[in-house]
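Peer 1: sequence first, predicted model second:
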Amino acid sequence: MPYIEVTMVEGRTPAQVRDLISALTQAAVDTVGAPVESVRVVVREVPTTHFAAGDVTIAERRGDPDPRA
């Protein structure tokens, strides 16, 4: 049973998230031969203030001030 987890910054429409789920499910079916009903997909969306790279949040990269200032 393939279990696929995706974590991404929030902001996509429900339709975009649904399309992602379908594409990931189909990729598992096509690449490893998993039965479609056995594929599990979890999408976690996090706020831009809770996702960082190199100690800079996505919100800060987009121009929001550092809340500690």
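Peer 2: Arrived safely. Numbers count the residues shown, from 1 in each chain.
Peer 1: packing partners of the lengthiest helix in the chain?
Peer 2: Secondary structure of the chain read by DSSP state H shows that its longest helix is helix 14-32. Packing contacts for helix 14-32, counted by 3 or more CB pairs under 8 Å, 6 or more residues apart in numbering; DSSP states H and E, involve strand 3-9, strand 40-46. Using the backbone N, CA and C atoms, a C-beta is placed for each residue, glycine as well.
Peer 1: between the ones you listed, which gets nearest to Arg18?
Peer 2: Relative to Arg18, the nearest member of these by CB to CB is strand 40-46, separated by 9.3 Å.
Peer 1: would TSV of the helices and strands packed on helix 14-32 with mean pLDDT be doable?
Peer 2: Formatted as TSV, the helices and strands packed on helix 14-32 follow (pLDDT from 0 to 100):
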stretch	mean pLDDT
strand 3-9	98
strand 40-46	98
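Peer 1: neighbours of Arg18, just the number please.
Peer 2: If you count neighbours by other CB atoms under 10 Å, Arg18 ends up with 12.
Peer 1: oh, that last question was meant for Val6, not what I typed.
Peer 2: By the measure other CB under 10 Å, the count of residues near Val6 is 13.
Peer 1: which residues sit in contact with the closest residue to it other than its chain neighbours?
Peer 2: Among residues not flanking Val6 along the chain, Val43 sits closest, at 5.0 Å (CB to CB, 6 or more residues apart in numbering). With contacts defined as CB atoms under 8 Å, 6 or more residues apart in numbering, the neighbours of Val43 are 6, 8, 17, 20-21.
Peer 1: could you export stretch 44-54 as PDB, CA atoms only?
Peer 2: Below are the C-alpha coordinates for stretch 44-54, written out as PDB (Å, rounded to 0.1, in the frame of the first residue of the first chain):
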ATOM      1  CA  ARG A  44      -0.600  19.000   4.600                       C
ATOM      2  CA  GLU A  45      -0.700  22.700   4.000                       C
ATOM      3  CA  VAL A  46       1.200  25.000   6.300                       C
ATOM      4  CA  PRO A  47       1.100  28.800   6.700                       C
ATOM      5  CA  THR A  48       3.800  30.800   5.100                       C
ATOM      6  CA  THR A  49       5.000  31.800   8.600                       C
ATOM      7  CA  HIS A  50       5.600  28.200   9.500                       C
ATOM      8  CA  PHE A  51       7.700  27.100   6.500                       C
ATOM      9  CA  ALA A  52      11.300  28.200   6.300                       C
ATOM     10  CA  ALA A  53      14.500  27.600   4.400                       C
ATOM     11  CA  GLY A  54      17.800  29.000   5.600                       C
END
